[in-house]
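# My questions are about this predicted structure, shown below with the sequence.
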Amino acid sequence: NAGVTQTPKFRILKIGQSMTLQCTQDMNHNYMYWYRQDPGMGLKLIYYSVGAGITDKGEVPNGYNVSRSTTEDFPLRLELAAPSQTSVYFCASSLVVGPTDTQYFGPGTRLTVL
Amino acid sequence: ELKVEQNPLFLSMQEGKNYTIYCNYSTTSDRLYWYRQDPGKSLESLFVLLSNGAVKQEGRLMASLDTKARLSTLHITAAVHDLSATYFCAVDESGGAQKLVFGQGTRLTINP
């Protein structure tokens, strides 16, 4: 199993550009999540999904959109990039069946908006 | 709104010493998670704590949960250099959907 994979690893955007961060998991997990981590800080939840076709907002959803058409994929779309979106973005997945299930994180995408 | 606070935020210690990281949270939750992050890397799950009085141990790390005090601790015993990392606690605010609120992290440096 590859686990959770993210592409790209690094990206530089100009203000106003758009892009999609890709996230794929091969563990057949039902739940998937997108977080951002600003320097020296903890992670903040952007969006999450409990299954294909179902998504919901997290703590910091403004400026982002998501979709979940398959169990495996959960892309994050940035529209009209702003410098405040400079961050490291982590995708995670979890089975959320038993009480001890935990999230598995991808390697992250480092995004800079100039 | 759930808030999660860790202290200390930075900790430098010598090998062989013991220390404790504290994680306080502001509202009731029945699930608390500890993660480790190495510099420039992703997060790795350490512990899931589910109930009051829960204690879990893995090697030199031991985590505990006091839901009445809304406090979790991560205790490091006889620290070794390999434990240098940033440690995060996270609390599930959704009662099972794992909508996690993270603490700021504790950057731990263990010196030989």
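That came in fine, so what should we check first? Residues are numbered from 1 along each chain as shown, chains lettered A, B, ... in the order given.
# Can you show me the strands along chain B?
With strands called from DSSP state E, chain B shows them at B:4-7, B:10-14, B:19-25, B:32-37, B:43-49, B:55-58, B:61-66, B:71-76, B:85-92, B:100-102, B:106-111.
# and chain B, which residues reach chain A?
Residues of chain B lying close to chain A (Cβ under 8 Å from any Cβ of the partner chain) are B:4, B:31, B:33, B:41-45, B:48, B:50, B:88, B:90, B:96-105. Where C-beta positions appear, they are placed from N, C-alpha and C, glycine not excepted.
# Give me the buried subset of those.
With neighbours counted by 16 or more other Cβ atoms under 10 Å in any protein chain shown, those contain buried members at B:4, B:31, B:33, B:42-43, B:45, B:48, B:88, B:90, B:98-105.
# count of residues packed around B:Leu11?
17 (other Cβ atoms under 10 Å in any protein chain shown).
# Does it have any beta-bridge partners, and if so which?
B:Leu108 (DSSP bridges).
# wait, it sits on B:Asn18?
No. B:Leu11 is beyond contact range of B:Asn18, at 11.8 Å (criterion: Cβ atoms under 8 Å).
# Would you point out which residue of chain A is nearest chain B?
Ranking the residues of chain A by distance to chain B (Cβ to the nearest Cβ) places A:Gly42 first, at 3.4 Å.
# and that residue, how many neighbours?
21.
# so what's the spatially closest residue to A:Asp38 that is not a sequence neighbour up against?
Nearest non-adjacent residue to A:Asp38, counting by Cβ to Cβ, 6 or more residues apart in numbering or on different chains: A:Ser87, 5.3 Å away. Counting by Cβ atoms under 8 Å, 6 or more residues apart in numbering or on different chains, A:Ser87 touches A:Arg36, A:Gln37, A:Asp38, A:Leu111.
# This completes my enquiry, with thanks.
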